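> the following comprises the amino acid sequence and a computationally predicted model.
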Amino acid sequence: MSKLAPSGHSRSTLTKNQKFSIAGVATLGAAALAFSMVPGSSDDAQAEALGARSAAWAAPADAHASVSKQQANASKRAKDAVAKAAADKKAADEAAAKKKAEDERKVKQAASRSAARKPVYANNLDGWIRQSLDIMKSKGIPGSYEGLHRNIMRESTGNPNAKNGWDINAQNGTPSIGLLQVIQPTFNAYHVDGTSTNIYDPVANITAAANYAADRYGSIDNVNGAY
């Protein structure tokens, strides 16, 4: 009887322990269930933490991207400015070259027109008279073809090398020379700029004589004898 008593007590104790164990498991299960049903659980906290870390990493990346974009834009603007300056310089150079070419063309055209307008005089009495008349006109010296021709034929018969060695001027050491028989002092005094300084030159002789006649008689046309 005494050997069986401990065995019965042991079953009673084991039963209590099992009850405590079951109660503890139930309590833990309830706690776990309750925790899983509370808003803002650990999963949310972990998600928030991951999001914060991602944002923390993303911020420097975004800043770097912004700086890179600004640098790229600045580089593009600089390149565009250089390209524009080069284009402007090229356009200016082309415009200057075009203007220079146009100016040169105008000068050549003007020279060509001037050459075309410039008369060619025959190397004879007719040519000498006509050239003298053009010079006289430019200098404001009066006279006509007829007046010049008439006096030339009377004075020298149209010989530009004619020289009077017998009149009073010759006797005084200043012979009358050339187409209109001008003495050297008169030629020097009434010489027309732009003509030869040689008294024997036909055009220089005619224009100087016409200039003297204009001063003394109003025009060579008014001279009808020795003058």
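Done, it's in.
> look up how far Val182 lies from Ala210.
Ala210 sits at a distance of 10 Å from Val182 (criterion: C-beta to C-beta, to the nearest Å). (Each C-beta comes from the backbone N, C-alpha and C, glycine too.)
> of the two, who's got more company?
Each of Ala210 and Val182 has its neighbours counted (other C-beta atoms under 10 Å); Ala210 has more, 28 against 25.
> that one contacts Ile129, doesn't it?
No - contact criterion C-beta atoms under 8 Å: Ala210 and Ile129 do not qualify, at 10.2 Å.
> find residues that contact each of these two.
Shared contacts of Ala210 and Ile129, defined by C-beta atoms under 8 Å, 6 or more residues apart in numbering, are found at Leu148.
> what's the closest non-adjacent residue to Ala209?
Nearest non-adjacent residue to Ala209, counting by C-beta to C-beta, 6 or more residues apart in numbering: Leu180, 3.6 Å away.
> which residues touch that neighbour?
Asn151, Ile152, Glu155, Ser156, Asn205, Ile206, Ala209, Ala210.
> which parts of this protein are helices?
Per DSSP state H, the chain carries helices over the ranges 4-36, 42-117, 125-139, 145-155, 168-171, 184-190, 202-217.
> so which elements touch the third one?
For helix 125-139, the contact count by 3 or more C-beta pairs under 8 Å, 6 or more residues apart in numbering; DSSP states H and E identifies helix 145-155, helix 202-217 as packing neighbours.
> which residues touch the longest one?
The set of residues external to helix 202-217 that reach it, using C-beta under 8 Å, 6+ apart, is 125, 128-129, 131-132, 135-136, 139, 141-143, 148, 151-152, 160, 177-182, 186-187, 189-192, 195-199, 219-220, 222-223, 227.
> now do the buried residues in it.
202-214 (16 or more other C-beta atoms under 10 Å).
> again with the first one
Neighbour counts using 16+ other C-beta under 10 Å place Gly147, Leu148, Asn151, Ile152, Glu155 of helix 145-155 among the buried residues.
> tell me the mean pLDDT for that helix?
Mean per-residue pLDDT for helix 145-155: 98.
> angle of that helix against helix 125-139?
Angle of helix 145-155 versus helix 125-139, following axes from the mean of the first three to the mean of the last three C-alpha atoms, to 10 degrees, is 130 degrees.
> now do the same contact list for the closest residue to Tyr200 other than its chain neighbours.
Distances taken as C-beta to C-beta, 6+ apart place Gly178 nearest to Tyr200, at 5.7 Å, with adjacent residues excluded. By C-beta under 8 Å, 6+ apart, Gly178 lies in contact with Ser156, Pro160, Asn161, Ala162, Ile199, Tyr200, Asp201, Pro202, Asn205, Ala209.
> from those residues, which is closest to Val82?
In terms of C-beta to C-beta, no member of these lies closer to Val82 than Asp201, at 67.4 Å.
> lowest-scoring secondary structure element of this protein by mean pLDDT?
Every helix and strand in the chain was compared by mean pLDDT, DSSP states H and E; the lowest is helix 4-36, with a mean of 47.
> what residue ranges in this structure score low on pLDDT?
1-62, 114-116 (pLDDT under 70).
> tell me how far Asn123 lies from Asn159.
Distance, Asn123 to Asn159, using C-beta to C-beta: 14 Å.
> with neighbour numbers in mind, choose between these two.
Asn159 (13 against 9).
> show me the contacts for that one.
Residues counted as contacts of Asn159 (C-beta under 8 Å, 6+ apart) are Leu179.
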